[in-house]
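Student: take this sequence and fold it.
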Amino acid sequence: MPSLAPQPRQLLAIEDILVRERPVTVVRFLVDRLLETEEIEQLGDLLYALVEEHGRKNLLISFGNVQLIGSYLLGKLLGLQRRIKTANGRLALCQIGPDINSVVHEAFVICGLDRCFPIYVDEQEALQSF
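Tutor: The predicted structure is shown next:
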């Protein structure tokens with residue numbers, strides 16, 4: 001008999017792309033709300049593992065599907081940025097602008113993180129920055 005336990009939501013789609021012969025890992029959120037501490041903890045573990053265990057040091061994170069975020073996610077992104085800098089890599093974010101995703105953009109601005117991360121309008125623009 002199959003288990004009736006709820007299955008965890010798939011949170012991320014991960015794609016490796018070569019940009020001018022430099023590998024860039026594109027991470028796209030598959031959910032529209034990132035509010036639950038448990039899910040954000042899981043996301044942090046997945047993102048940190050990309051850098052620390054899988055050697056991916058150039059990451060682009062797309063917020064295209066995200067409508068709401070918890071402040072805990074912002075802390076995880078800062079932790080990810082530190083890990084990437086230690087690995088001599090680069091982290092960029094996209095689809096957070098005020099015209100695209102105003103609620104998420106507002107969270108970044110209120111916390112001053114719009115000055116901590118390179119933020120691009122879309123994936124194509126961000127990929128060209130690598």
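Student: what packs against the helix or strand of the chain with the lowest mean pLDDT?
Tutor: Scoring the helices and strands of the chain by mean pLDDT, DSSP states H and E places helix 102-110 at the bottom, with a mean of 87. If contacts are counted by 3 or more C-beta pairs under 8 Å, 6 or more residues apart in numbering; DSSP states H and E, helix 102-110 sits against strand 68-69, helix 71-86. Yep, even glycine has a C-beta here, placed from its N, CA and C like the rest.
Student: I'd like these as CSV, with distance to L60 appended.
Tutor: Formatted as CSV, those follow (distance: least, C-beta to C-beta, whole Å):
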stretch, distance to L60
strand 68-69, 17
helix 71-86, 11
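Student: wait, E39 sits on L12?
Tutor: No: look at E39 against L12 with C-beta atoms under 8 Å: they stay out of range, at 10.7 Å.
Student: between those two, which is the more surrounded one?
Tutor: E39 (18 against 15; other C-beta atoms under 10 Å).
Student: tell me which element that one is part of?
Tutor: If you go by DSSP states H and E, E39 is part of helix 37-52.
Student: that helix: how far from the chain's middle?
Tutor: Chain-centre distance of helix 37-52: 10 Å, with C-alpha atoms, centre = their mean, to the nearest Å.
Student: from the contact counts, what lies against the following helix or strand past that helix?
Tutor: Under the assignment DSSP H and E, the closest C-terminal helix or strand after helix 37-52 is strand 58-62. Here strand 58-62 touches strand 22-29, helix 37-52, helix 71-86, strand 90-94, helix 123-128, going by 3+ C-beta pairs under 8 Å, 6+ apart.
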